[in-house]
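Colleague: for reference, the sequence and a predicted model appear below.
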Amino acid sequence: MKVFTKRHEIEAFLNEQRSQGMEIGFVPTMGALHEGHLSLIAYALQQTDISVCSIFVNPTQFNDKADLERYPRMPEKDLAMLAEAGCQVVFLPEVEEIYPEPDSRRFSFGLLDEVLEGARRPGHFNGVAQVVSIFFDIVKPDRAFFGSKDYQQVMVIKELVRQLQLDIEIVSCPILREADGLAMSSRNMLLTGAERKAATLIPDVLAMSRQMKVKGASIRVIRQSVMNILAKDPLYKLDYFEICDGETLKAMDTWDDAAKPVALIACFVGKIRLIDNLVY
Ligand code: AMP
């Protein structure tokens, strides 16, 4: 496995690979890797010739400084996991390598950046677009693999690729979950024992909401039930629970047979903010 920290070095290596006809797959991450990340690497290995993984905790996508500071960093362990998974190339740059000067670009994603995560974390998707566009420029992948755990992020990245007219296929991959249903996340390791136990309520209420839909409940009643359940647990603070059109992210008030509904949730368990979603 080759590990690069400098932009010009990985560019030179990948240019050489590309000139030999190799297809490049790319998995951007912020490290503290888990099986969910490794599943993206596995897709990249299956679908392309060279799998490139980046590990970079991108400061411009954090609107909360405390969240950035406490974000787990464990590059040694990450590298061992990537080598074990068969990843061929890792890019592990310092912040100055990616942002030699501040990135003042402002992207515009319309509704995609105005609802859910966009509304609660102002500037978050702009930061994501900044870093992903820089990485796309460095790696120039044929395909890039993203987890649908970050449902809205995948939509933003697809829109970014469309706006910049990049010839990159964005592959959305399924959510990997722990045995008790909790979506894998680097943030899970920040939970206390009690919070970790309580966190299974997130996939539980998502599953319950789908059951309620199957039984004919209205969106209003489902939302109220989810809010009531989470309000009873003192460890929880619900940020949002919305049922949206999965193709536009427009919030739905009533069921629409033509729409592909998705339930999206964000909540604080203790101090840690977790997100999850379920496509109905
Ligand atoms: P992160 O390191 O959290 O920025 O995540 C890097 C990539 O891994 C993103 O495309 C995430 O959506 C994806 N990812 C994170 N958690 C999971 C999971 N549980 N299952 C599948 N993909 C995931």
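Modeller: Cool, the structure landed. Residues are numbered from 1 along each chain as shown.
Colleague: quick one: contacts of the helix or strand hosting residue 171?
Modeller: In the assignment (DSSP states H and E), residue 171 maps to strand 169-173. With C-beta atoms under 8 Å, 6 or more residues apart in numbering as the test, strand 169-173 has contacts from 39-40, 43, 47, 142-148, 154, 157-158, 161. The C-beta positions use only the backbone N, C-alpha and C, and glycine is treated the same way.
Colleague: just give me the closest of those residues to residue 176.
Modeller: Taking C-beta to C-beta as the measure, residue 176 lies nearest residue 39 of those, at 5.2 Å.
Colleague: that closest one - how many residues pack around it?
Modeller: Neighbours of residue 39 under the rule other C-beta atoms under 10 Å: 19.
Colleague: one more: residue 14?
Modeller: Counted with other C-beta under 10 Å, residues neighbouring residue 14 total 22.
Colleague: oh, and call the first residue 14 from now on, that's how I've got it
Modeller: In the new count, where the first residue is 14, that last one comes out as residue 27.
Colleague: what secondary structure does it sit in?
Modeller: Of the three states, residue 27 takes helix under DSSP: H, G, I helix; E, B strand; the rest coil.
Colleague: next up, the contacts around it.
Modeller: 37, 63, 65, 102, 152-153.
Colleague: what about it, distance to residue 135?
Modeller: Plainly put, residue 27 is 34 Å away from residue 135 if you go by C-beta to C-beta, to the nearest Å.
Colleague: check residue 213 too.
Modeller: Distance of residue 213 to residue 135, given as C-beta to C-beta: 30 Å.
Colleague: again, but for residue 25
Modeller: Taken as C-beta to C-beta, the span from residue 25 to residue 135 is 38 Å.
Colleague: ok, residue 98 next?
Modeller: 35 Å.
Colleague: so between the two, which is more surrounded?
Modeller: More neighbours surround residue 98 than the other of residue 98 and residue 135, with 20 against 10 (other C-beta under 10 Å).
Colleague: hang on, the earlier thing: list the ones among the contacts of residue 27 that fall in helices.
Modeller: Members of those lying in helices (criterion: DSSP state H): residue 152.
Colleague: identify the farthest-apart pair in the contacts of residue 27.
Modeller: Spatial extent of the contacts of residue 27 (C-beta to C-beta) is set by the pair 102 and 153 at 12.6 Å.
Colleague: between those two, which one's more packed in?
Modeller: Higher neighbour count among residue 102 and residue 153: residue 102, with 22 against 17, using other C-beta under 10 Å.
Colleague: what's near enough to touch that one?
Modeller: Counting by C-beta under 8 Å, 6+ apart, residue 102 has contacts 14-17, 23, 26-27, 63-66.
Colleague: I'd like to know the beta-bridge partner residues of it.
Modeller: residue 15, residue 65 (DSSP bridges).
Colleague: what parts of the stretch 64-213 of the chain come near the ligand?
Modeller: 159-160, 162-163, 186, 188-189, 196-199 (C-beta under 6 Å from any ligand atom).
Colleague: look up how far the ligand lies from residue 27.
Modeller: Remark: distance between residue 27 and the ligand (C-beta to the nearest ligand atom, to the nearest Å) = 20 Å.
Colleague: with residue 86 instead?
Modeller: Distance from residue 86 to the ligand, by C-beta to the nearest ligand atom: 11 Å.
Colleague: over to residue 250?
Modeller: In terms of C-beta to the nearest ligand atom, residue 250 sits 21 Å off from the ligand.
Colleague: quick one: secondary structure of that residue?
Modeller: Criterion first, three-state DSSP; result for residue 250: strand.
Colleague: then the one 4 residues further on?
Modeller: Here residue 254 is recorded as strand under three-state DSSP.
Colleague: so what are the domain limits for the chain?
Modeller: According to automatic domain parsing, the chain comprises the domains 15-186, 204-286.
Colleague: give me whichever of the ones you listed is most buried.
Modeller: Neighbour counts (mean count of other C-beta atoms under 10 Å) averaged over each of those peak at domain 15-186, with a mean of 18.
Colleague: mean confidence score for stretch 55-65?
Modeller: Mean pLDDT, stretch 55-65: 98.
Colleague: over to stretch 219-226?
Modeller: Per-residue pLDDT over stretch 219-226 has a mean of 98.
Colleague: sweet, I'm off.
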